[in-house]
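> Predicted model and sequence follow; I will ask about them next.
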Amino acid sequence: SGELYCSLPNPRNVHFESINMKNILHWSAPEGTGDGVLYKVKYAVYGVGKWIRKPECRNINRTWCDLSSETSDYEEQYYASVKAFLNGTCSDWMETTRFNPLTDTKIDPPMVSVSSTDRSISIILTAPEKWKRSPEEESMSLLQVYPGLQYNVSVFNKKTKKRWSFSISNNTLVVPWLEPGTAYCVSAQIHVTTPLLDSGFSKEHCITILKDK
Amino acid sequence: GACSVSMSMTEIRAGFTAIKANIQSRDPIRTLSILSHPCSLHKVKSSDRCCITHQLFTFYVDKVFKHCRTEDSFVNRKISSIANSFLSVRRKLEQCREKNKCVCGEESTEKFKQILANYEGLNVTSAAMKSLGELDILLDWMEKS
Amino acid sequence: GDSLLPAPQSISVLSTNMKHFLTWSPVIIQGATVRYSVEFQGEYEREYANGSWIPISECSLTTATVCNITEDISASVAYRLRVRAELGATRSQWGTTKGFFNRATTSLTPPLLRVVADGHHLLVELADMGPSFQFRVLYWRKGQESRVQQRMMKEVSSVVHLDTMEAGAEYCVKAQTHVQAINRSSSFSPTQCVRGQGDTSLWL
């Protein structure tokens, strides 16, 4: 492609940021370069003999590139690389470390729905879905990706200020015999033992147990 | 039947995670893999899992760890931890093999030959370091189901 | 030179709840500060790496006579450990543990357990003992000792909900630790009993 002598400083901190296996390549602009820098991106499946250019990230001025589609097979591992161009000169290709979607992704908290009947609360948890190319594509829960996935559930009694925790494998939990007229706040976290992955805790969902008639 | 080696795998995973970036940075070859190409561990039939697992643990114990000595004391200690855990797991796998009589099918024999060919295709230190850097490929496959 | 300084003696491993410490007697040289260095050797090093020894950097040139070897004794195989004294350029011979140490021989103590009744709910709090540990919790309604229920717990960073209690009934709880890596359990903690909230209008 007739690239000129590459004297431009290199893009910095080239790395993947991954949430629920939506895998975005990020980098920082070369040191000391103002506006006008353009980039191109390539990626490689580890162990396969060729680098592949990403056309949608050719001559872009932003400092990220969505490679979710190209890295969606989580039984493979990947490298990605970025090159900068400015005023007819260019930088070296700067690579990521080896990216393993299975262990290097972050997991969102589960969705939590809470309802109350009589003196109990029913909690239903839903694990996030793996990233998918389009809404039409069949969904895949992270539960299928991580068979050992568990939920840590926290139930906070707003009157006594006491917090109880539960560790469950299935996605429903009923907590009976609660105090009438008391508000309980529920939040939950996903826990995978191996590889060791924990989501943050979800936002709290509070519900008040009706007073006895 | 399933052989329970889960806790040791957690410890091996923790040890590897602690040195993964260091070890993988010593492997500059992106376009070759020992374990995953040309054919992937994930394509191994479940009936062959037991045999391939034992072969791979023996491969790591006999061929890989001894050539992975580094100048970094912390890395060397973690490699020792992993290597000794491999010995312990392999001993359990041997008990499994005797109990379950898990015979090596043609496919797993072919698969393991491919792995050895990949390994012998590089000089021994590069091959050993690459194999060690691919430990998560083995762990991911073992923990898959 | 390596001959004038005596090798450390009484070298042994103290191991409780999967925490392992190497200890030895001090080498006394009047008016001088003696330092020590520790190395370990696993079964792998003996059988496959020409009997090589691996230094523990945290215990290199230490003045202490104890070394935390927990991080390095991280497999269920036979280890050997050795320590030598150093004074300036002078080093003693290595003093080596007699026989081998396997973490499977660690002594396991019962867990610290606190049982709480909160309304109709039976709760337990267990002191964290590290990643190697699980907890086997047994509980039963007093008087129904034949209907003991069991829960295995791993994450114990908080008050854990065990079950819901029948109104006014007394429940008893005890727990033991289990270390999967060595497939051993501690003895049980003392049994603790609590009474659930009484509520005559209640029916289960």
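On my side now, so go ahead. Residues are numbered from 1 along each chain as shown, chains lettered A, B, ... in the order given.
> list the contacts for residue 84?
Using chain A. A:Leu8, A:Pro9, A:Asn10, A:Pro11, A:Ala29, A:Pro30, A:Thr33, A:Val37, A:Leu38, A:Tyr39, A:Cys90, A:Ser91 (C-beta atoms under 8 Å, 6 or more residues apart in numbering or on different chains). To be clear about C-beta, it is placed using only N, CA and C from the backbone, and glycine gets the same treatment.
> Chain C was what I was after
Residues in contact with C:Arg84 (C-beta under 8 Å, 6+ apart) are C:Ala7, C:Pro8, C:Tyr36, C:Ser37, C:Arg91, C:Ser92, C:Gln93, C:Trp94, C:Gly95.
> what's the closest non-adjacent residue to the fourth one?
Once its chain neighbours are removed from consideration, C:Ser37 has its nearest residue in C:Ser60; the separation is 4.8 Å (C-beta to C-beta, 6 or more residues apart in numbering or on different chains).
> Quick one: neighbours of the one you found, just the number.
Per other C-beta atoms under 10 Å in any protein chain shown, the neighbour tally for C:Ser60 reads 15.
> Kindly report the same for C:Arg195.
13.
> quick one: it from B:Ile19, how far?
52 Å (C-beta to C-beta, to the nearest Å).
> And C:Pro111, by the same measure?
Separation of C:Pro111 from B:Ile19 (C-beta to C-beta) stands at 32 Å.
> tell me the domain ranges of chain A?
Per automatic domain parsing, the structural domains of chain A span A:12-102, A:111-208.
> and the shortest one, average pLDDT?
Averaging the model's pLDDT scores along domain A:12-102 yields 96.
> Endpoint to endpoint, that domain covers what distance?
25 Å (C-alpha to C-alpha, to the nearest Å).
> swap in the longest one?
The first and last residues of domain A:111-208 sit 20 Å apart, counting by C-alpha to C-alpha.
> quick one: it to chain centroid distance?
18 Å (C-alpha atoms, centre = their mean, to the nearest Å).
> Kindly report the same for stretch A:96-103.
With C-alpha atoms, centre = their mean, you get 13 Å for stretch A:96-103.
> Tell me the buried residues in that stretch?
Using 16 or more other C-beta atoms under 10 Å in any protein chain shown as the test for burial, stretch A:96-103 gives A:Thr96, A:Arg98, A:Phe99, A:Asn100, A:Pro101, A:Leu102, A:Thr103.
> Low-confidence ranges, chain C, go.
C:1-3, C:155, C:199-204 (pLDDT under 70).
> thinking again about what came up before, of the contacts of C:Arg84, closest to chain A?
Among the contacts of C:Arg84, C:Ser37 lies closest to chain A (C-beta to the nearest C-beta), at 33.1 Å.
> Now do the host helix or strand of the closest one: distance to the chain's middle.
Taking DSSP states H and E as the criterion, C:Ser37 maps to strand C:35-41. Distance, stretch centre to chain centre, for strand C:35-41: 22 Å (C-alpha atoms, centre = their mean).
> after that strand comes which helix or strand?
Assignment by DSSP H and E places the next element after strand C:35-41 at helix C:43-48.
> Going by distance to chain B, which of the contacts of A:Ala84 wins?
Out of those, the member with the shortest distance to chain B (by C-beta to the nearest C-beta) is A:Asn10, at 16.5 Å.
> For the closest one, identify the helix or strand it belongs to.
Applying DSSP H and E, one finds A:Asn10 in no helix or strand.
> doesn't A:Glu95 make contact with it?
No. Applying C-beta atoms under 8 Å as the test, A:Asn10 and A:Glu95 come out as separate, 10.3 Å apart.
> sorry, back to before: output the contacts of A:Ala84 as a markdown table; include the columns distance to C:Val13.
Output for those, formatted as a markdown table (distance: C-beta to C-beta, whole Å):
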| residue | distance to C:Val13 |
| --- | --- |
| A:Leu8 | 58 |
| A:Pro9 | 54 |
| A:Asn10 | 50 |
| A:Pro11 | 51 |
| A:Ala29 | 54 |
| A:Pro30 | 54 |
| A:Thr33 | 58 |
| A:Val37 | 59 |
| A:Leu38 | 62 |
| A:Tyr39 | 56 |
| A:Cys90 | 59 |
| A:Ser91 | 54 |
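> give the contact list for whichever residue of chain B sits closest to chain A.
Going by C-beta to the nearest C-beta, chain A is nearest to B:Ser33 of chain B, at 2.6 Å. B:Ser33 makes contact with A:Tyr46, A:Gly47, A:Val48, B:Asn118, B:Lys130, B:Glu134, B:Ile137 under the criterion C-beta under 8 Å, 6+ apart.
> What is the neighbour count of the closest residue to A:Pro30 other than its chain neighbours?
Spatially, and ignoring its direct neighbours in sequence, A:Pro30 is nearest to A:Pro9 (3.7 Å; C-beta to C-beta, 6+ apart). Using other C-beta under 10 Å, the number of residues around A:Pro9 comes to 15.
> wait, what's in contact with A:Pro9?
Contacts of A:Pro9 by C-beta under 8 Å, 6+ apart are A:Pro30, A:Glu31, A:Gly32, A:Thr33, A:Ala84, A:Ser91.
> same question, A:Met21
Residues near A:Met21 by C-beta under 8 Å, 6+ apart: A:Ser68, A:Ser72, A:Tyr74, A:Pro101, A:Thr105, A:Lys130, A:Trp131, A:Val145.
> what's around the third one, how many residues?
A:Tyr74 has 17 neighbouring residues, counting by other C-beta under 10 Å.
> Also the fifth one?
As a burial measure, the neighbour count of A:Thr105 was computed by other C-beta under 10 Å and equals 23.
> could you measure it against chain B, distance?
According to C-beta to the nearest C-beta, to the nearest Å, A:Thr105 and chain B sit 13 Å apart.
> what does chain A have sitting close to chain B?
Chain A has residues A:44, A:46-50, A:75-77, A:79, A:97-98, A:100, A:102-103, A:147-148, A:193-196 near chain B, with proximity defined as C-beta under 8 Å from any C-beta of the partner chain.
> now swap in chain C and tell me
Checking chain C against chain B by C-beta under 8 Å from any C-beta, the hits are C:40, C:42-45, C:47-49, C:54-57, C:71-72, C:74-77, C:79, C:131-132, C:180-181.
> Any chance of a ChimeraX selection covering the buried ones in those?
Per 16+ other C-beta under 10 Å, the buried members of the residues of chain C next to chain B correspond to this ChimeraX selection:
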select /C:40,42,43,44,45,48,49,54,56,72,74,75,76,77,79,132,180,181
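> The longest helix along chain B vs chain C: in contact?
Across chain B, the longest stretch assigned as helix under DSSP state H is helix B:73-100. Yes. Under the criterion of C-beta under 8 Å from any C-beta, chain C is reached by helix B:73-100 at B:Ser73, B:Phe74, B:Asn76, B:Arg77, B:Ser80, B:Ser81, B:Ala83, B:Asn84, B:Ser85, B:Phe86, B:Leu87, B:Ser88.
> now the helices for chain B?
Ranges of helices within chain B are B:6-25, B:46-59, B:73-100, B:106-120, B:124-133, B:135-144, based on DSSP H.
> could you give the angle of the last one to helix B:124-133?
Right, helix B:135-144. 40 degrees (axes from the mean of the first three to the mean of the last three C-alpha atoms, to 10 degrees).
> tell me what helix B:135-144 is packed against?
Judged by 3 or more C-beta pairs under 8 Å, 6 or more residues apart in numbering or on different chains; DSSP states H and E, the packing partners of helix B:135-144 are helix A:101-104, helix B:6-25.
> Quote the end-to-end distance of stretch B:98-110.
Start-to-end, stretch B:98-110 (C-alpha to C-alpha) is 22 Å.
> Quick one: residues in contact with that stretch.
B:1, B:3, B:44-45, B:47-48, B:50-52, B:54-55, B:96, B:112.
> are any of these buried, and which?
B:Cys3, B:Val44, B:Asp48, B:Cys50, B:Cys51, B:Ile52, B:His54, B:Gln55, B:Cys96, B:Phe112.
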